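[1] can you look at this prediction? I've put the sequence above it.
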Amino acid sequence: MSKQDFGLHDYFPFRLDVASERIRQLVSAAYTEDYGVSIAEWRIMMGLFGGVQITQHRLSELVSLHKVPISRAVMSLCKRRLISREMNPFDGRSHFLRLTLEGRELVEKMVVRARELEIEIFSRFEDSEKALLIDLVERMGESCSRSRKLLTRYEAEAPLLGAPN
């Protein structure tokens with residue numbers, strides 16, 4: 001295939017990125033309008049859901065957020081008393097994060113909205129198509145993680161959200 005035969009709209013990574021951005025915009029609008037939280041804040045709160053206490057560094061790996069966006073979002077969530085941030089007594093440098101009662105109550109509402117959005121996104125798919133797409137996306141993520149030449153060091157080391165460690 002020559003350079004002239006290359007069409008951006010035929011290039012799968014571009015199409016996947018465009019679809020991902022459209023989903024991100026849909027989700028962002030819903031969480032901002034309904035709950036006043038950004039995508040980064042939502043990811044942090046979902047990462048803490050279930051009563052876990054985790055360091056900010058580990059949480060950034062879990063939800064695939066870089067240091068600066070996670071720091072800003074954590075400070076915002078702490079100000080709003082949706083999460084708590086406590087010094088790690090074992091090393092004195094890191095902090096443990098956890099949802100507050102108000103944060104847990106908000107996440108419970110957001111989970112319902114997340115399921116509604118997922119139903120909306122997959123409304124034109126059969127259950128088998130949805131399952132296949134999820135499997136394929138996971139496999140693509142695993143392939144990219146193994147191919148460190150294509151990813152930055154951070155992206156290669158950060159697990160996919162929801163993927164087992």
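    Nice, thanks for sending it over. Numbering: from 1, shown residues only.
[2] any regions of the chain where pLDDT drops low?
    1-4, 148-165 (pLDDT under 70).
[3] need the strands for it, in chain order.
    Using DSSP state E, the strands of the chain run over 54-55, 83-87, 95-99.
[4] nearest to S64, out of those?
    With CB to CB as the measure, strand 54-55 is the member of those nearest S64 (14.3 Å). Just so you know, the C-beta spots here come from the backbone N, C-alpha and C atoms, and that holds for glycine as well.
[5] list of residues touching the closest one?
    For strand 54-55, the surrounding residues in contact (CB atoms under 8 Å, 6 or more residues apart in numbering) are G47, L48, L62, N88, S94, H95, F96, L97, R98.
[6] repeat that for stretch 80-95.
    41, 44-45, 48, 55-57, 74, 77-78, 96-100, 102-103, 106.
[7] now stretch 131-147, how far from the chain's geometric center?
    15 Å (CA atoms, centre = their mean, to the nearest Å).
[8] so which bits of that stretch are buried?
    For stretch 131-147, the neighbour count (16 or more other CB atoms under 10 Å) marks S145 as buried.
[9] with stretch 64-76 instead?
    S64, L65, P69, I70, A73, V74, S76.
[10] now swap in stretch 114-129 and tell me
    A114, L117.
[11] how far is that stretch from where the chain is centred?
    How far stretch 114-129 lies from its chain's middle: 18 Å, per CA atoms, centre = their mean.
[12] okay, how far is it across that stretch, tip to tip?
    19 Å (CA to CA, to the nearest Å).
[13] which ones are touching F122?
    F122 neighbours (CB under 8 Å, 6+ apart): K130.
[14] what helices or strands is the top helix by length along the chain leaning on?
    Longest helix in the chain by number of residues, with DSSP state H as the criterion: helix 12-35. If contacts are counted by 3 or more CB pairs under 8 Å, 6 or more residues apart in numbering; DSSP states H and E, helix 12-35 sits against helix 39-48, helix 101-121.
[15] most tightly surrounded among the ones you listed?
    helix 39-48 (a mean of 22; mean count of other CB atoms under 10 Å).
[16] report the angle between that one and strand 95-99.
    For helix 39-48 against strand 95-99, the angle by axes from the mean of the first three to the mean of the last three CA atoms, to 10 degrees is 90 degrees.
[17] just give me how far helix 39-48 sits from the chain centre.
    Mean-position distance between helix 39-48 and its chain equals 7 Å (CA atoms, centre = their mean).
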